[in-house]
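J.: predicted model and sequence follow; I will ask about them next.
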Amino acid sequence: MSAVGNILSMIKSLSAAEKRELKMMLLENASATMSDMESFMTDERFAGGMVCPHCGCLHVVRNGHQEGNGKQRYLCRDCGKSFDITSNSIVSGTHKGLDVWERYIVCMMQGLSLRKTAEICEIHRNTAFNWRHKILDALQDIEDNVVLNGIVEADETFFAISYKGNHSNGGSFTMPRKPHKRGKEIHTRGLSKEQVCVACAVNRSGKSIGKVSNLGRISTKNVDGVLGDRIDENSTLVTDEMNAYVKFALNRGINLVQVKGGKSKKGIYNVQRVNSYHSSLSKFMRGFNGVATKYLNGYLAWHNFMKYSKHTDAERKQILLRRVLTLPKKVVCKEISNRGALAFAV
Ligand SMILES: [Zn+2]
């Protein structure tokens, strides 16, 4: 008999009073882990004191506990709205304990499939899907603030457009082209508007940028759209011989070194790091069953965070948990699947 089986048969032999005692003990333990995460969230989110998440006012009082889950409620004396520590955050309105979110993040860090994750966290598969995208949103917010310094290598890479996940949006979506016949390869010479261009840059200390910039060939404006403001003006930018970067570096006053693509070098400068970033990225993306273009930025941020940054796994978990719990942004599930196919709109 399994350990759990043994325990269950032992429980059956307990008296009614002993069963009550056991039940109380288990409930206490459950709420103890729960309150660990709740106090973590309170500490992280309201470090400077309780602030109303609706109006930002400090005039806040305790307002009893929520029925069912026992969560502390608060009332804002200014706007008159009530809230709890999760209100107006990514984890609000999900009816799941914060411990489930913590478990979910661990599953995601281990690269588990949505099906497996849903099973472990005991949530519906659609919930697992929505949570993944809420977390990827929070992560993009971190990644969007990464600024590269020192020697920065930049080069773009391409992904075929995928309209996956747009067909169920209540008939409002029309394919902008005829669907490809199954098994038939797309034969397009050179770059076409069916290729999503991702502008990438890496430096030597593990910082990276990867973001959808445009369709087809990249222009100076497209480069600037992603890398502008995010490359320190004292850095040296290293690229292959692409004209778009010349004007970009000139406009931004950044020192530029251009090498002939591939493996060639110019003194200490080369583009080998950005090349290996591209292979790491394409290997990572192959691990998913085709990523819809509208979600590509999220997966790029996920790759950079998990595969390129030099944090330890424990640090990653802490960073992610902190971000997910403190980002003042409510994401409505319906908005996730309703995103436009080419939401980056360039
Ligand atoms: Zn308020």
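T.: In hand now; what should we look at? Owing to the predicted nature of the structure, the values given are computational and were not obtained by experimental measurement.
J.: name the element whichever residue of the stretch 151-300 of the chain sits closest to the ion belongs to?
T.: Relative to the ion, the nearest point of the stretch 151-300 of the chain is G298 (31.1 Å; C-beta to the ion). C-beta coordinates here come from the backbone N, C-alpha and C atoms, glycine included. Element membership for G298 (DSSP states H and E) is helix 296-303.
J.: now do that helix: distance to the chain's middle.
T.: 7 Å (C-alpha atoms, centre = their mean, to the nearest Å).
J.: how about the most centrally placed residue in the chain: what's its closest non-neighbour residue?
T.: With distances taken as C-alpha atoms, centre = their mean, the residue of the chain nearest its centroid is L136 (1.7 Å). In this structure, L136 finds its nearest non-sequential neighbour in G298, 3.1 Å apart by C-beta to C-beta, 6 or more residues apart in numbering.
J.: residue contacts, the one you found?
T.: The contact partners of G298, taken as C-beta atoms under 8 Å, 6 or more residues apart in numbering, are 133, 136-137, 139-140.
J.: quick check, nearest of those residues to H95?
T.: H133 (17.7 Å; C-beta to C-beta).
J.: pLDDT score for V226?
T.: V226 carries a pLDDT value of 96.
J.: ugh, wrong one, T174
T.: Reported pLDDT for T174: 64.
J.: can you count the residues close to S235?
T.: By other C-beta atoms under 10 Å, 17 other residues sit near S235.
J.: pretty sure it sits against N149.
T.: Yes - using C-beta atoms under 8 Å, S235 makes contact with N149 at a distance of 5.1 Å.
J.: who touches both of the two?
T.: Going by C-beta under 8 Å, 6+ apart, residues that sit against S235 and also against N149 are N203.
J.: contacting residues around the residue nearest to the centre of the chain?
T.: Contacts of L136 by C-beta under 8 Å, 6+ apart are 295, 298-299, 301-302.
J.: can I take it that it is in a strand?
T.: No - going by DSSP: H, G, I helix; E, B strand; the rest coil, the assignment for L136 is helix, not a strand.
J.: what about G210, how many neighbours?
T.: 25.
J.: now do the buried residues in the host helix or strand of it.
T.: Using DSSP H and E, G210 sits within strand 208-215. For strand 208-215, a neighbour-count test (16 or more other C-beta atoms under 10 Å) marks 208-215 as buried.
J.: could you dump those residues to JSON lines with pLDDT and distance to G165?
T.: Output for these, formatted as JSON lines (pLDDT from 0 to 100; distance: C-beta to C-beta, whole Å):
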{"residue": "S208", "pLDDT": "96", "distance to G165": "26"}
{"residue": "I209", "pLDDT": "97", "distance to G165": "25"}
{"residue": "G210", "pLDDT": "96", "distance to G165": "21"}
{"residue": "K211", "pLDDT": "95", "distance to G165": "20"}
{"residue": "V212", "pLDDT": "95", "distance to G165": "16"}
{"residue": "S213", "pLDDT": "94", "distance to G165": "22"}
{"residue": "N214", "pLDDT": "93", "distance to G165": "21"}
{"residue": "L215", "pLDDT": "92", "distance to G165": "18"}
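J.: next structured bit after the worst-scoring helix or strand of the chain on mean pLDDT?
T.: The helix or strand of the chain with the poorest confidence is helix 16-45; it has a mean of 72 (mean pLDDT, DSSP states H and E). Going down the chain from helix 16-45, the next helix or strand is strand 60-65, by DSSP H and E.
J.: near the ion at all, that next one?
T.: No - judged by C-beta under 5 Å from the ion, strand 60-65 stays clear of the ion, getting no closer than 7.5 Å.
J.: helices or strands up against that strand?
T.: strand 72-76 (3 or more C-beta pairs under 8 Å, 6 or more residues apart in numbering; DSSP states H and E).
J.: what comes up buried for stretch 248-260?
T.: For stretch 248-260, burial by neighbour count (16+ other C-beta under 10 Å) applies to 248-249, 252, 254, 256-259.
J.: so which residues of the stretch 101-250 of the chain form strands?
T.: 151-160, 195-203, 208-215, 236-239 (DSSP state E, counting those that start in this stretch).
J.: in its sheet, what does the shortest one sit against?
T.: For strand 236-239, the paired strands and their directions (DSSP bridges) are strand 151-160 (parallel), strand 255-258 (parallel).
J.: now the ones you listed in CSV, with mean pLDDT?
T.: Formatted as CSV, these follow (pLDDT from 0 to 100):
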stretch, mean pLDDT
strand 151-160, 95
strand 255-258, 96
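J.: quick one: low-confidence parts of this protein?
T.: 1, 24-35, 166-190, 261-263, 343-346 (pLDDT under 70).
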